[in-house]
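>>> kindly generate the corresponding structure for this input.
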Amino acid sequence: MSPAKFIKTNLFFSSITLALITSISAFAASDTNTLDNGVFLNGDLGASQIKTPDQALPNTTDSSHKKYQFTWGASVGYLYFDTTYQFVGVELGYDHLGKAIYKGTITNTSDSVQTDLEQYDFDMLFDLGVTTPIGLNIIGKAGVARVSQNLSGQSSQTPDAFTGRDKLTRYVPKAEIGVGYIANSNTDILLNFAHIFGEDSNNFPANSSKIFSNNSLTLSITYVLPQ
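Residues are numbered from 1 along each chain as shown. Here you go, the predicted model:
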């Protein structure tokens, strides 16, 4: 996906969020501007960018690079309003963060080569949020993510090509911020930005020793289970 398409995707999810907020707010009752305390489930869909290098594979021509991907995730946690308009929480989650794909043709041959770098994580985040009398809210999250990164290659030529598979797992910081609308006492709809604090690199070795940073923008829905 090109940067232009990535922007269009983000605008698409933003438009959906605004449309949902507008339609729901027209029918929401005045006493549904806070969420109930309790266990919640969360799901999100969107686009992500793995911060892999903008470079061709070594010793290749006609190389292409796809680094914007579809991402999804889910979490379970507990939410508690310590004041009327301030809440705290904790959650455990899983996110599939997408796959950066490199393709090319090996120099002086007609052999093709492809390298894929896939990321996913399990995280534990602590939440702090505030809401308004009309139900608009902002929430910040911070914690640690156990990020796994799979590097795999395919080639019809073994020497000097990216072949085989390599897996790397590290614990790294993670932070999120979301803006949304509380539709009723059980449902919160958010536009959410997340960042994994990995490393950026100008090199892309076959056996990568780095967890790359990741940015994602998602539409997120939180549902608090009825008491």
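>>> could you list the low-confidence segments of this protein?
Within the chain, the stretches with pLDDT under 70 are 1-32, 54-65, 107-110, 153-165, 201-209.
>>> now the strands for it?
In the chain, the segments counted as strands under DSSP state E are 38-50, 60-66, 68-81, 86-106, 112-131, 136-155, 164-184, 187-196, 214-224.
>>> turn the ones you listed into TSV, including mean neighbour count.
Where you see a C-beta, it was placed from the backbone N, CA and C, and this is true even at glycine. Output for the strands of the chain, formatted as TSV (neighbours: other C-beta atoms under 10 Å):
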stretch	mean neighbour count
strand 38-50	19
strand 60-66	15
strand 68-81	18
strand 86-106	19
strand 112-131	19
strand 136-155	18
strand 164-184	17
strand 187-196	22
strand 214-224	21
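>>> identify the residues contacting the closest residue to residue 175 other than its chain neighbours.
Nearest residue to residue 175, sequence neighbours excluded (C-beta to C-beta, 6 or more residues apart in numbering): residue 142, at 4.8 Å. Shown in contact with residue 142 (C-beta atoms under 8 Å, 6 or more residues apart in numbering): 125-126, 173-176.
>>> go with 7 Å
Shown in contact with residue 142 (C-beta atoms under 7 Å, 6 or more residues apart in numbering): 125-126, 175.
>>> so what pairs up with it in the strands?
residue 126, residue 175 (DSSP bridges).
>>> how close does it get to residue 190?
As for residue 142, its distance to residue 190 is 16 Å (criterion: C-beta to C-beta, to the nearest Å).
>>> for residue 210, same thing?
Counting by C-beta to C-beta, the gap from residue 210 to residue 190 is 30 Å.
>>> residue 182 reaches residue 134, doesn't it?
No. Using C-beta atoms under 7 Å, residue 182 makes no contact with residue 134, being 9.1 Å away.
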